[in-house]
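J.: kindly generate the corresponding structure for this input.
(one chain, ligands or ions: 3)
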Amino acid sequence: MRRKRSDELPRYVSDHESASFQWPRRSRLFAALGVLILLYLFVLRPSGPRDDDPNILRINWSNYAYSLYATDSATLCHAVLVFDALARYGSRADRVLFYPDYWDTRIRDSKDRDSQLLVMARDKYNVKLQPGKLLSVEGRAGEERSYTGTWDKSVTKFMAFSLAYYDRVIALDSDITLLQSLDELFLLPPTPIAMPRAYWYDTRPWPLTSLLMVIKPSLEEFDNFKKMLVGGASDELVRANVYDMELVNERFADSAMVLPHRPYSLLSGEFRRHNHSAYLGSSSETWDANKVYKEAKLVHFSDWPLPKPWIMWPQEGLAEIQPDCEGSKEGGCREREIWKGLYSDFRQRRKDVCRYLSVPAPEWWRIKGDGGKTAASMNETQGTHHEAPHAEVEPAQGDQTVVHET
Ligand SMILES: *[C@@H]1O[C@H](CO)[C@@H](O)[C@H](O)[C@H]1NC(C)=O
Ligand SMILES: *[C@@H]1O[C@H](CO)[C@@H](O)[C@H](O)[C@H]1NC(C)=O
Ligand SMILES: *[C@@H]1O[C@H](CO)[C@@H](O)[C@H](O)[C@H]1NC(C)=O
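T.: Ligands and ions are numbered 1, 2, ... in the order given. Predicted coordinates:
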């Protein structure tokens, strides 16, 4: 059928107007514009969220918190570094720090770093300070399962379960670098706990890693965990500082929500590996160090037997362990740059924020000789008890943003 031309369409004309009257072109344009404006105003206008609109997710960030813990000066500094990162990334949730109740916030002199850092956490990063008795577990070994006198304090992370006035808490270790905020994890569907898997394990299924735990705080769970600690644990687990991981797997292996380890728990050692299929979750995807680094949100330092980043590298150890760039002796590769960059960034922030320098390097032959697995070499490469040299100046308090009421 032939489509009618517009001048053949019926026209609406008033009595006293001639049959040939047409709205002037310009008026028609204005009328059309008017309709569009009305449509915009009443239907499409992007209005601010209305309180009664069920389609709008209203987030009350004070129901969520990040939880870190400090057992000594080094872990205090590293927890502050995580809070500093969260502040830089504009995270909106609360921040909570557990630490021993015999510490105080009275700065006695310029060397009193612990108090300085606690005050900085409270005033500069709005951290809610939670002094208390920390959790620990003692090792037991032998036929009699007698107590061995070795202690693991990393179970202190379970204190996060006691924060029952929050809907959800993200508990983190502090031997990490946060590369992005994790705020989106507060909005996961309800679950008692969400954790990534330890993708670096050989055994399948990979266990869950307690490096990052998105938990629903519960005093009942907290009491259960505390009870488990009283009886001690296998000395082997205690020495390796993995008892906390053992416990969460025992309790939640079958009920936890599994977070993708990519991008929530990348190991620094991934950049030294030759086979990346475990991290990538695919054997066909091509490894791209830049891409992996860019998408990662949390990097855990793990290059055993090389020391953790607060301890300096023995030079021979570095030469032996660093990413080998496919064997090329000259020049470098992106893997090595990124890997070294992660360490130097951590050390720089430790110096800038905490005014701590690195602990002197242990002797390589000693830590390498025994495979790094004995208590002594664990202490030398992973330990946080070492006295670290102070950088000249005090922690920068000058740029505090919070003004105190007197
Ligand atoms: C957010 O939650 C806190 C704690 O539950 C509550 O005190 C506060 O009134 C809430 N704020 C809003 C705007 O709902
Ligand atoms: C890489 O590791 C996976 C297991 O994680 C294995 O199935 C695969 O064969 C390995 N690829 C190569 C090239 O060795
Ligand atoms: C670890 O080593 C440091 C320094 O060598 C020492 O002061 C500390 O007591 C050791 N700690 C443990 C638990 O062995």
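J.: show me which residues of this structure are close to ligand 1?
T.: Counting by Cβ under 6 Å from any ligand atom, the positions of the chain adjacent to ligand 1 are 60, 62-63. Bear in mind the C-beta positions are built from the backbone N, C-alpha and C, glycine included.
J.: and of the residues you listed, the nearest to P100?
T.: Taking Cβ to Cβ as the measure, P100 lies nearest S62 of those, at 26.3 Å.
J.: residues contacting that closest one?
T.: By Cβ atoms under 8 Å, 6 or more residues apart in numbering, the contact set of S62 is D94.
J.: again with G149
T.: Per Cβ under 8 Å, 6+ apart, neighbours of G149: 138-139.
J.: give the buried residues for the helix or strand containing it.
T.: Assigned by DSSP states H and E, G149 belongs to strand 146-152. For strand 146-152, a neighbour-count test (16 or more other Cβ atoms under 10 Å) marks 148, 152 as buried.
J.: does ligand 3 sit close to it?
T.: No: applying Cβ under 6 Å from any ligand atom, one finds strand 146-152 separated from ligand 3 by no less than 7.9 Å.
J.: partner strands of that strand and their direction?
T.: Strand pairing for strand 146-152, determined by DSSP bridges: strand 137-141 (antiparallel).
J.: over to P54: give its phi and psi.
T.: Dihedral pair for P54: phi -70, psi -10, per degrees, to the nearest 10.
J.: may I have the secondary structure class of F186?
T.: Following DSSP: H, G, I helix; E, B strand; the rest coil, F186 is assigned to helix.
J.: which pLDDT value belongs to it?
T.: On pLDDT, F186 comes in at 98.
J.: contact partners for V96?
T.: Residues near V96 by Cβ under 8 Å, 6+ apart: 65-68, 127-128, 130, 160, 163, 169.
J.: and if we set it to 7 Å?
T.: Applying Cβ atoms under 7 Å, 6 or more residues apart in numbering to V96 gives the contacts 65-67, 127-128, 130, 163.
J.: can you flag the buried ones in those residues?
T.: Among those, the ones that count as buried by 16+ other Cβ under 10 Å are 65-67, 127, 163.
J.: will you turn the residues you listed into TSV that also has secondary structure?
T.: Formatted as TSV, those follow (three-state DSSP):
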residue	secondary structure
A65	strand
Y66	strand
S67	strand
V127	strand
L163	coil
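J.: ok, back up a step: and of the residues of the chain next to ligand 1, the nearest to D324?
T.: Taking Cβ to Cβ as the measure, D324 lies nearest N63 of these, at 47.1 Å.
J.: check what pLDDT the nearest residue to the closest one once chain neighbours are set aside gets.
T.: Nearest non-adjacent residue to N63, counting by Cβ to Cβ, 6 or more residues apart in numbering: D167, 4.2 Å away. Looking at D167, its pLDDT stands at 97.
J.: going forward, begin numbering at 17 instead of 1
T.: Got it, the first residue is 17 from now on, which makes the last one we talked about D183.
J.: can you show me the helices along the stretch 17-166 of the chain?
T.: Ranges of helices in the stretch 17-166 of the chain, per DSSP state H, counting those that start in this stretch, are 41-55, 89-104, 129-140.
J.: turn those helices into CSV, columns for mean neighbour count and distance to V264.
T.: CSV is the format used below for the helices of the stretch 17-166 of the chain (neighbours: other Cβ atoms under 10 Å; distance: least, Cβ to Cβ, whole Å):
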stretch, mean neighbour count, distance to V264
helix 41-55, 10, 55
helix 89-104, 22, 19
helix 129-140, 20, 26
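J.: so which of those comes closest to A157?
T.: Taking the helices of the stretch 17-166 of the chain one by one with Cβ to Cβ, helix 89-104 is closest: 25.8 Å.
J.: quick one: the closest one near ligand 3?
T.: No: judged by Cβ under 6 Å from any ligand atom, helix 89-104 stays clear of ligand 3, getting no closer than 11.3 Å.
J.: run the angle between that helix and helix 129-140 for me.
T.: If you take axes from the mean of the first three to the mean of the last three Cα atoms, to 10 degrees, helix 89-104 sits at 20 degrees to helix 129-140.
J.: ok so, going back, with mean pLDDT added, can I get the helices of the stretch 17-166 of the chain in CSV?
T.: Shown next, in CSV, are the helices of the stretch 17-166 of the chain (pLDDT from 0 to 100):
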stretch, mean pLDDT
helix 41-55, 74
helix 89-104, 97
helix 129-140, 96
